[in-house]
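> Please find the sequence and the predicted model below.
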Amino acid sequence: MKVLLFLFFLFATALSYAQDTGEFVDARDGHHYKTVKLGDTWWMAENLAFDAGEGTYLYDWRCIELEEEGRKYTWFAAMQGQKVEGARGVCPEGWRLPTKEDWKSLVEHLGGEKIAGRELKEGGASKMEVKIPGRRFSDGSFRVARSETHFWSSTSTGTEVAWALIVFKVLDQSKGYEYHKEYVKSVRCIKEE
């Protein structure tokens with residue numbers, strides 16, 4: 001009986017997150033992106049891959065392809081000189097960088113910090129398909145490779161730091177933390193309302 005209840009719970013949870021999916025093409029470079037609607041918000045279901053110039057890095061470690069991981073950006077490159085929360089930044093027209101509150105709302109929608117990471121990762125019910133290749137710093141070094149990945153928000157929390165979401169590989173958790181703006185992280189955009 002416990003097994004049946006557990007399976008029902010998992011199935012019901014997956015259905016509660018399942019939303020519309022779609023696709024769009026970034027007119028700037030022709031790159032195709034999958035999208036997913038979670039709650040009332042459309043999210044990119046893939047990391048941004050646009051080359052924004054200075055402060056933009058390819059994740060070139062262990063032969064990970066651009067199509068698999070996208071690019072990494074310093075916070076400054078992600079923001080493209082804009083200083084307000086919810087700025088378009090490096091995102092395509094009609095899309096913008098998520099704020100800290102956008103990320104926190106998504107995490108709550110997916111069950112809270114303790115389980116949202118599971119739902120965000122590849123195969124998770126959210127269909128966000130987050131891969132965990134690790135992170136690359138702006139000096140080219142890699143740390144905690146293949147154990148977590150980070151996503152910028154447009155929320156600056158100080159002169160030198162901004163808020164980012166962490167998704168862990170072996171934990172079901174996801175949580176936010178402040179990072180130096182020169183670190184490089186992935187970007188997922190959300191559709192402007």
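Ah, there it is. Every value quoted in this text rests on a predicted model; they were computed, and no experiment measured them. Numbering: from 1, shown residues only.

> which one is Gln80 nearest to, not counting chain neighbours?
The shortest distance from Gln80 to any non-neighbouring residue, by CB to CB, 6 or more residues apart in numbering, is to Gly89 (4.8 Å). Bear in mind the C-beta positions are built from the backbone N, C-alpha and C, glycine included.

> Next, find the distance separating the nearest residue to Pro98 once chain neighbours are set aside from Asp102.
Nearest residue to Pro98 in three dimensions, chain neighbours excluded: Ile190, at 5.0 Å (CB to CB, 6+ apart). According to CB to CB, to the nearest Å, Ile190 and Asp102 sit 6 Å apart.

> what do those two both touch?
Overlap of the contact sets of Ile190 and Asp102 (by CB atoms under 8 Å, 6 or more residues apart in numbering) consists of Thr41.

> and the residue nearest to Ser147 when sequence neighbours are not counted, what does it touch?
Closest residue to Ser147 apart from its sequence neighbours, by CB to CB, 6+ apart: Lys169 at 5.1 Å. Lys169 sits next to Lys121, Ile132, Arg146, Ser147, Glu148 when contact means CB under 8 Å, 6+ apart.

> For the chain, name the helix or strand with the lowest mean pLDDT.
helix 2-17 (a mean of 47; mean pLDDT, DSSP states H and E).

> Quick check: next helix or strand after that helix?
Next in sequence after helix 2-17, counting helices and strands by DSSP states H and E, comes strand 21-25.

> neighbouring contacts of that following strand?
His31, His32, Tyr33, Lys34, Thr35, Val36, Lys37, Trp42, Ala45, Pro92, Lys127.

> Okay, now the sheet partners of the helix or strand that it is followed by, with direction.
Counting by DSSP H and E, the next helix or strand C-terminal to strand 21-25 is strand 32-38. Strand pairing for strand 32-38, using DSSP bridges, gives strand 21-25 (antiparallel), strand 41-44 (antiparallel).

> Could you list the buried residues of the longest one?
In this case it means strand 21-25. Phe24 (16 or more other CB atoms under 10 Å).

> That strand: how far from the chain's middle?
Distance, stretch centre to chain centre, for strand 21-25: 16 Å (CA atoms, centre = their mean, to the nearest Å).

> With stretch 84-92 instead?
14 Å.

> before we move on, what about stretch 105-114?
Centre to centre, stretch against its chain (CA atoms, centre = their mean), the figure for stretch 105-114 is 14 Å.

> Let's see it as CSV, backbone CA atoms only.
C-alpha atoms of stretch 105-114 as CSV (Å, rounded to 0.1, in the frame of the first residue of the first chain):
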residue,chain,number,x,y,z
SER,A,105,9.0,31.7,-6.9
LEU,A,106,10.0,29.0,-9.3
VAL,A,107,11.7,27.0,-6.5
GLU,A,108,8.5,27.4,-4.4
HIS,A,109,6.4,26.3,-7.3
LEU,A,110,8.6,23.1,-7.6
GLY,A,111,8.1,22.2,-3.9
GLY,A,112,10.7,24.4,-2.1
GLU,A,113,14.4,24.4,-1.7
LYS,A,114,14.7,20.9,-0.4
